[in-house]
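Participant: fold the following.
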Amino acid sequence: MKLILTVIQDKDSNKLLNALVEHNFRATKLASTGGFLKSGNTTFMIGTEDIRVEKCLQIIKENCQSRDQLVAPVSPMGGNADSYVPYPVEVEVGGATVFVVPVEQFKQF
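Facilitator: Residues are numbered from 1 along each chain as shown. All right, here's what the predicted structure looks like:
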């Protein structure tokens, strides 16, 4: 058995949840916050049998697309002001960060 932890953008969470349910995956959805953009993320905890891991990863990949987003940079606090860019910058966000870890034991009460 494996535990799949995936961190995605909030925008993709409902789409992914619906796809997981459609393919009979059970998931726990947690609200989380990203460090880079300090924006809302969603973390899914998905427990599945070893033989279904690849199918789950395929569903995650199909439903969590990266996209470009304009971000207002944070002003430098005590840093070098010479490298500060005072206008919005386009960065790539989205997609999914996925961890697949072995589960030694699973109990449901």
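Participant: so for residue 47, what's the nearest residue that isn't a sequence neighbour?
Facilitator: residue 3 (5.6 Å; C-beta to C-beta, 6 or more residues apart in numbering). Every residue, glycine included, has its C-beta placed from N, CA and C.
Participant: what's the local residue count around the one you found?
Facilitator: For residue 3, the neighbour count with other C-beta atoms under 10 Å is 14.
Participant: is it in contact with residue 103, as I believe?
Facilitator: Yes: assessed by C-beta atoms under 8 Å, residue 3 is found in contact with residue 103 at 5.1 Å.
Participant: who touches both of the two?
Facilitator: Jointly contacting residue 3 and residue 103 under the rule C-beta atoms under 8 Å, 6 or more residues apart in numbering are residue 47.
Participant: show me the contacts for residue 103.
Facilitator: 1, 2, 3, 47.
Participant: lovely, talk soon.
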